[in-house]
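Student: sequence unknown, structure follows:
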């Protein structure tokens, strides 16, 4: 080969090598490695993905807001650089694994899906990698926002779930949710946040305990055809009942020896059922009815859901007011007086639940508009307010609903019934005789008169009334019907809360008064003062009875005291032992349904 040909060959070889090197320089590395993104392609993919997701209305999400956020960032990513780090992934996956232990559902935050996609990014085909990276980025932001929102404010909105009768203060709606979109602090911020209420930790521990329990068979009692079963009755559910009481830890195994082959609901088994009814806050008569069967048939999953519901309630309202304050737990039928260093309690009676077939009757009323078709709902509302007055010997202005439904027919038959029962009738604040009114000319739902019961021993509000502003005109009060406090299920009022020991409550709420002290009020009630020396003088003073107030006497609280009506169906004793109580207004199922929505 001559020199010319050799030179031509070498020159051609050099050209081929140069072309190959230029080709190498222009080639982009595998973009599944985070450091090898083509920024322009990723920005384009981010724009497409955010625009598409912002139109998604199929689930609860923040995609529309995130679209605006990423646009303001020129579609620069937040998470993609961080999630490549294996140590970061450990913390991230741990956060997602903890979601069920908050009473929330992991799939609502796309946890498993996102985890799998992060772990398998290297396997994504090159032709779709940028779209996948953009989708992963935006969905991570949405997942973090939703989880942060739900831990701080609750997954659901209480007024949307429970309606207008829920008026407890909601957490700060001005919370800057987007402050969590910081890759350096996001995971720790979400992980470390918990409501301050001590029951939240107790409920989380109880939830973890229930998750850890081994799966076993549960005896669920067949309720088909069952109305009421009394002790001594013969019934096919007798063996199932005994087994269920043993499973619930309410009866010893030894009762099975005599009940497995017997269809008689024995007095012995009824004894254990009464204990179960008592701790569940239903009537402890040993009779197996609808409420008792519902409690007996509560499965492990039902218990898990009840814990989740009570966690959600705390997320809605976790405020701990400045002590002292008054708290009523509606389904427990208890009032708590929270001192600086202790808690005292007393029984209460609350409003009756909704009428049977309430929803059906409400639909009927919407069509007919007949007063007689309007269903009654006397549920005690959840309120938050400040007690401002203690009123001694209160009068009672009868609500128009009670006049129309419970008094009208008696008045029409005998107007003198009002006088004998201590009621006065007013027409525009002017007293009128009930005999001068042609009651039959008015329908039960349209009586234009005010009926008021005088103060006295028979007054429905008793001797004391505690007032506080609220949209439902409910209050705490005494009652002449003391026998109702012997019931386990004390949902018996028209919505207000009757207090078993009103004098004790008066002493508590007036503890900060200086001008009109607690002892001054007790003396006006005809009760001995708390101060020992003053009590001795009171007993020795033969004219003490003259200081007893006969008429209505308002006492203003010099320092108003917080009062709120809560609704907890799991309560803990001083040792932290939980007790599941009857959901008297059947609210829990509404919250479970809302929690589980997509």
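Tutor: Structure received. Remember, it's a predicted structure, so these values are computed and weren't measured experimentally.
Student: now stretch 344-353, how far from the chain's geometric center?
Tutor: Centroid separation between stretch 344-353 and its chain, computed with C-alpha atoms, centre = their mean, to the nearest Å, is 18 Å.
Student: Let me fix that, I meant to ask about stretch 96-115.
Tutor: With C-alpha atoms, centre = their mean as the basis, stretch 96-115 stands 22 Å off its chain's centre.
Student: for stretch 468-485, same thing?
Tutor: Distance, stretch centre to chain centre, for stretch 468-485: 22 Å (C-alpha atoms, centre = their mean).
Student: Give the helix, strand or coil label for residue 194.
Tutor: Under DSSP: H, G, I helix; E, B strand; the rest coil, the three-state class of residue 194 is coil.
Student: and the most centrally placed residue in the chain, what pLDDT?
Tutor: Taking C-alpha atoms, centre = their mean, the centroid of the chain lies closest to residue 313, which sits 3.2 Å from it. Here, the pLDDT recorded for residue 313 equals 97.
Student: Now do the contacts for it.
Tutor: By C-beta atoms under 8 Å, 6 or more residues apart in numbering, the residues touching residue 313 are 566-568, 591. Any C-beta I mention is one placed from the backbone N, CA and C, and that applies to glycine too.
Student: before we move on, what about residue 319?
Tutor: Residue 319 touches residue 169, counting by C-beta under 8 Å, 6+ apart.
Student: what comes up buried for stretch 537-553?
Tutor: If you call a residue buried by 16 or more other C-beta atoms under 10 Å, then stretch 537-553 has these buried ones: 538, 549, 553.
Student: taking the residues you listed one by one, which sit in strands?
Tutor: Those of the buried residues of stretch 537-553 mapping onto strands are residue 553, per DSSP state E.
Student: Tell me the one of the buried residues of stretch 537-553 nearest residue 350?
Tutor: In terms of C-beta to C-beta, no member of the buried residues of stretch 537-553 lies closer to residue 350 than residue 553, at 26.9 Å.
Student: okay, and for the protein, where does confidence drop off?
Tutor: The model of the chain has pLDDT under 70 over residues 1-36, 172-173, 214-217.
Student: Give the closest residue to residue 375 in space, chain neighbours not counted.
Tutor: residue 361 (3.8 Å; C-beta to C-beta, 6 or more residues apart in numbering).
Student: if I look at residue 526, how far off is residue 544?
Tutor: To residue 544, residue 526 is 8 Å away according to C-beta to C-beta, to the nearest Å.
Student: Next up, the contacts around residue 135.
Tutor: Residue 135 makes contact with residue 49, according to C-beta under 8 Å, 6+ apart.
Student: what helix or strand does it sit in?
Tutor: If you go by DSSP states H and E, residue 135 is part of helix 129-153.
Student: chain center to the helix or strand following that helix: distance?
Tutor: Note on helix 129-153: by DSSP H and E, the next helix or strand toward the C-terminus is helix 158-162. Relative to the chain's own centre, helix 158-162 is displaced by 9 Å; criterion: C-alpha atoms, centre = their mean.
Student: Which elements pack onto helix 158-162?
Tutor: helix 588-595 (3 or more C-beta pairs under 8 Å, 6 or more residues apart in numbering; DSSP states H and E).
Student: Which neighbouring elements make contact with the helix it packs on?
Tutor: In terms of contacts (3+ C-beta pairs under 8 Å, 6+ apart), helix 588-595 is packed against helix 158-162, helix 300-316.
Student: Give the buried residues for stretch 76-92.
Tutor: Buried, per 16+ other C-beta under 10 Å, within stretch 76-92: 77-80, 82-83, 88, 92.
Student: And the contacts of stretch 226-235?
Tutor: 237, 263-267, 269-270, 286-289, 293.
Student: Just the endpoints, please. Distance across that stretch?
Tutor: This stretch, stretch 226-235, spans 9 Å end to end (C-alpha to C-alpha, to the nearest Å).
Student: Find the nearest non-adjacent residue to residue 435, please.
Tutor: Spatial nearest neighbour of residue 435, excluding adjacent residues (C-beta to C-beta, 6+ apart): residue 415 at 5.1 Å.
Student: One more: residue 44?
Tutor: Here the residue nearest residue 44, using C-beta to C-beta, 6+ apart, is residue 130, at 7.5 Å.
Student: right, and the helices and strands packed on helix 588-595 - which one's nearest residue 185?
Tutor: helix 300-316 (21.3 Å).
Student: moving C-terminal of that closest one, what's the next helix or strand?
Tutor: strand 325-329.
Student: Give the other helices and strands that that next one contacts.
Tutor: On a contact count with 3+ C-beta pairs under 8 Å, 6+ apart, strand 325-329 meets strand 334-338, helix 502-509, strand 553-566.
Student: and the longest one, how far out from the chain's middle?
Tutor: Spelled out, it's strand 553-566. 24 Å.
Student: quick one: buried residues of that strand?
Tutor: Across strand 553-566, burial judged by 16+ other C-beta under 10 Å covers 553, 555, 557, 560-566.
Student: and what of the second one?
Tutor: Taking 16+ other C-beta under 10 Å as the basis for neighbour counts, the residues of helix 502-509 that come out buried are 502-503, 505-509.
Student: out of those residues, who's nearest residue 389?
Tutor: The nearest member of these to residue 389, counting by C-beta to C-beta, is residue 509 at 9.7 Å.
Student: Looks to me like residue 206 is in a helix.
Tutor: Yes - the assignment for residue 206 is a helix, going by three-state DSSP.
Student: State the number of residues packed around residue 420.
Tutor: By other C-beta atoms under 10 Å, the residues close to residue 420 number 8.
Student: what phi and what psi does the backbone show at it?
Tutor: Main-chain dihedrals, residue 420, degrees, to the nearest 10: phi -60, psi -30.
Student: Distance check, residue 397 against residue 370.
Tutor: 26 Å.
Student: what are the ranges of the helices in the stretch 351-500 of the chain?
Tutor: 358-368, 400-402, 408-413, 416-420 (DSSP state H, counting those that start in this stretch).
Student: hang on, I meant the stretch 1-150 of the chain
Tutor: Taking DSSP H, counting those that start in this stretch as the test, the helices found in the stretch 1-150 of the chain are 3-26, 39-53, 63-72, 86-98, 111-119, 129-153.
Student: winner for burial among these?
Tutor: Each of the helices of the stretch 1-150 of the chain was assessed for mean neighbour count using mean count of other C-beta atoms under 10 Å. The highest is helix 129-153, with a mean of 22.
Student: So residue 544 sits against residue 536, correct?
Tutor: No - applying C-beta atoms under 8 Å as the test, residue 544 and residue 536 come out as separate, 11.6 Å apart.
Student: neighbouring contacts of stretch 301-310?
Tutor: With C-beta under 8 Å, 6+ apart as the criterion, stretch 301-310 contacts 103-104, 199, 203, 206-207, 210-211, 298, 568-570, 580, 583, 588, 591-592, 595.
Student: Can you say which of those are buried?
Tutor: Buried, going by 16+ other C-beta under 10 Å: 103-104, 199, 203, 206-207, 298, 568-570, 580, 583, 588, 591-592, 595, out of the contacts of stretch 301-310.
Student: With respect to residue 42, which of those residues is nearest?
Tutor: Nearest to residue 42, judged by C-beta to C-beta, of those is residue 104 at 31.5 Å.
Student: if we can go back for a sec, columns distance to residue 323 on top of the helices of the stretch 351-500 of the chain, output as CSV?
Tutor: Converted to CSV, the helices of the stretch 351-500 of the chain look like this (distance: least, C-beta to C-beta, whole Å):
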stretch, distance to residue 323
helix 358-368, 38
helix 400-402, 36
helix 408-413, 46
helix 416-420, 44
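Student: Which one of those lies nearest to residue 441?
Tutor: The closest of the helices of the stretch 351-500 of the chain to residue 441 is helix 408-413. By C-beta to C-beta, the value is 10.3 Å.
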